[in-house]
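# this one's sequence-less:
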């Protein structure tokens with residue numbers, strides 16, 4: 001299929017499924033696209049977040065933070081259990097929307113990341129890989145819908161980081177020829193898509209967004225996240241601790257770069273504590289770390305940015321948004337809702353878009369973002385039956 005024609009596979013209803021580094025739920029988005037190639041109209045018909053089964057989530061979080069699977073048997077079982085949860089989420093959002101599953105062209109399922117090693121396996125420093133579980137065969141079989149999954153590994157095979165993958169979607173939806181913009185996703189990890197008015201799109205992870213704050217809050221407050229940033233607001237920023245955290249060499253790496261919970265997790269924080277810190281002060285400092293690394297990255301890589309469009313679960317943390325805005329006083333900081341994109345479901349919508357790209361035979365990655373050797377059609381297609 002020629003690169004300038006999306007064809008009939010690009011239009012219609014798609015479901016996007018996303019579970020990020022926090023593994024705090026499965027985001028499901030039912031989306032309608034038209035057949036435009038470069039700037040498709042994207043309509044969110046329904047977005048919902050469905051919980052993971054408790055015992056599955058516990059193990060997914062542990063694996064994402066660097067724990068090893070107890071056995072190949074356990075990993076194989078989790079692959080299927082995760083896939084069944086993804087399939088159920090797809091079925092549920094379609095049913096809630098009052099839609100016939102036969103009308104849905106495809107599901108785009110991100111899977112759940114359990115390891116991300118684009119720089120090479122730790123034991124030998126070679127053989128880069130990324131691994132998202134949630135078998136596409138099982139999703140297709142249990143949903144009865146064509147499923148596109150395993151998006152990241154083709155980019156890694158082509159020498160890229162396999163992440164972030166949302167910049168191509170952000171560019172299609174939010175680029176402006178009138179100003180330099182940036183899209184900031186505040187998930188477990190924060191990442192930027194840089195959208196200059198003229199020039200190549202770029203994108204990269206900046207470091208932790210919610211992952212460290214969520215984990216610290218769970219340990220000291222028993223809550224899965226810091227609602228509104230209230231826990232952080234009750235403490236004071238520990239300037240010396242912040243400096244120790246910012247000394248992490250990863251922050252100095254040039255793009256393309258990506259990271260995950262296996263690097264930024266509580267053991268990383270614990271190793272930098274001196275002892276005796278108040279939990280609320282650590283929480284305030286972790287929030288400031290997220291805001292500071294976001295602002296530093298933007299100033300370093302697109303200093304003329306005039307607008308930051310924020311999406312992801314972090315938009316509900318008012319204190320985090322306020323600190324980012326304070327660090328970027330000459331920049332408009334607003335959420336993607338201003339542009340008709342629900343901040344909670346932008347990533348899920350993006351994986352619906354990636355499934356659309358795959359079925360149309362169009363690339364889903366941007367080499368200027370991931371560092372891959374060239375554009376690639378991403379993902380594997382699993383027929384409905």
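Yes, it's here. On a predicted model such as this, the values are computed, not experimentally measured, just so you know.

# Break this protein down into its domains, please.
8-165+344-382, 169-339 (automatic domain parsing).

# Using JSON lines, lay out the ones you listed together with mean pLDDT.
Formatted as JSON lines, the domains of the chain follow (pLDDT from 0 to 100):
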{"stretch": "domain 8-165+344-382", "mean pLDDT": "93"}
{"stretch": "domain 169-339", "mean pLDDT": "96"}
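
# how about these in a markdown table, adding mean neighbour count?
To be clear about C-beta, it is placed using only N, CA and C from the backbone, and glycine gets the same treatment. Converted to a markdown table, the domains of the chain look like this (neighbours: other Cβ atoms under 10 Å):
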| stretch | mean neighbour count |
| --- | --- |
| domain 8-165+344-382 | 21 |
| domain 169-339 | 19 |
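
# For the stretch 1-150 of the chain, which segments count as helices?
Counting by DSSP state H, counting those that start in this stretch, one finds helices in the stretch 1-150 of the chain at the ranges 54-64, 72-96, 136-143.

# for the helix or strand residue 288 falls within, packing partners?
If you go by DSSP states H and E, residue 288 is part of helix 279-301. Applying 3 or more Cβ pairs under 8 Å, 6 or more residues apart in numbering; DSSP states H and E, one finds that helix 279-301 contacts strand 181-186, strand 189-195, strand 202-208, helix 211-221, helix 230-233, helix 239-246, helix 318-327.

# ok, now how distant is residue 22 from residue 276?
Relative to residue 276, residue 22 is positioned 28 Å away (Cβ to Cβ, to the nearest Å).

# Against residue 194, how distant is residue 158?
For residue 158, the distance to residue 194 - Cβ to Cβ - is 21 Å.

# should've said residue 11
With distances taken as Cβ to Cβ, residue 11 is found 29 Å from residue 194.

# next one: residue 249
For residue 249 relative to residue 194 (Cβ to Cβ), the value is 22 Å.

# Format the helices of the stretch 1-150 of the chain as TSV; extra columns: distance to residue 111.
Putting the helices of the stretch 1-150 of the chain into TSV (distance: least, Cβ to Cβ, whole Å) gives the following:
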stretch	distance to residue 111
helix 54-64	11
helix 72-96	7
helix 136-143	8
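
# which residues sit in contact with residue 312?
By Cβ atoms under 8 Å, 6 or more residues apart in numbering, the contact set of residue 312 is 20, 184, 185, 186, 187, 209, 210, 343, 344, 346, 347.

# Contacts only, for the nearest residue in space to residue 241 that is not next to it in sequence.
Nearest residue to residue 241 in three dimensions, chain neighbours excluded: residue 285, at 5.0 Å (Cβ to Cβ, 6 or more residues apart in numbering). Contacts for residue 285 (Cβ under 8 Å, 6+ apart) come out as 235, 237, 238, 241, 242, 245.

# The same query, at a cut-off of 7 Å, please.
Residue 285 is in contact with 237, 238, 241, 242, counting by Cβ atoms under 7 Å, 6 or more residues apart in numbering.

# if I look at it, how far off is residue 246?
From residue 285 over to residue 246 (counting by Cβ to Cβ), the distance is 10 Å.

# What of residue 373?
Look at residue 373 and residue 246: by Cβ to Cβ, they are 33 Å apart.

# which strands and helices sit next to the one helix or strand residue 154 maps to?
Per DSSP H and E: residue 154 is located in helix 152-157. Judged by 3 or more Cβ pairs under 7 Å, 6 or more residues apart in numbering; DSSP states H and E, helix 152-157 is in contact with strand 129-133.

# hmm, who's touching the strand it packs on?
By Cβ under 7 Å, 6+ apart, strand 129-133 touches 78-79, 82, 110-118, 121, 150, 152-153, 156, 162.

# let's see 8 Å
By Cβ under 8 Å, 6+ apart, strand 129-133 touches 75, 78-79, 82-83, 110-118, 121, 149-153, 156, 162-163.

# Pull up the pairing partners for it, direction included.
Paired with strand 129-133 in the same sheet, following DSSP bridges, are strand 112-117 (antiparallel).

# Contact partners for the nearest residue to residue 235 once chain neighbours are set aside?
Computed as Cβ to Cβ, 6+ apart, the closest residue to residue 235 that is not its neighbour in sequence is residue 280, at 3.2 Å. Contacts for residue 280 (Cβ under 8 Å, 6+ apart) come out as 231, 232, 234, 235, 236.

# so can I have a markdown table of those residues showing distance to residue 262?
Output for the contacts of residue 280, formatted as a markdown table (distance: Cβ to Cβ, whole Å):
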| residue | distance to residue 262 |
| --- | --- |
| 231 | 24 |
| 232 | 24 |
| 234 | 30 |
| 235 | 27 |
| 236 | 30 |
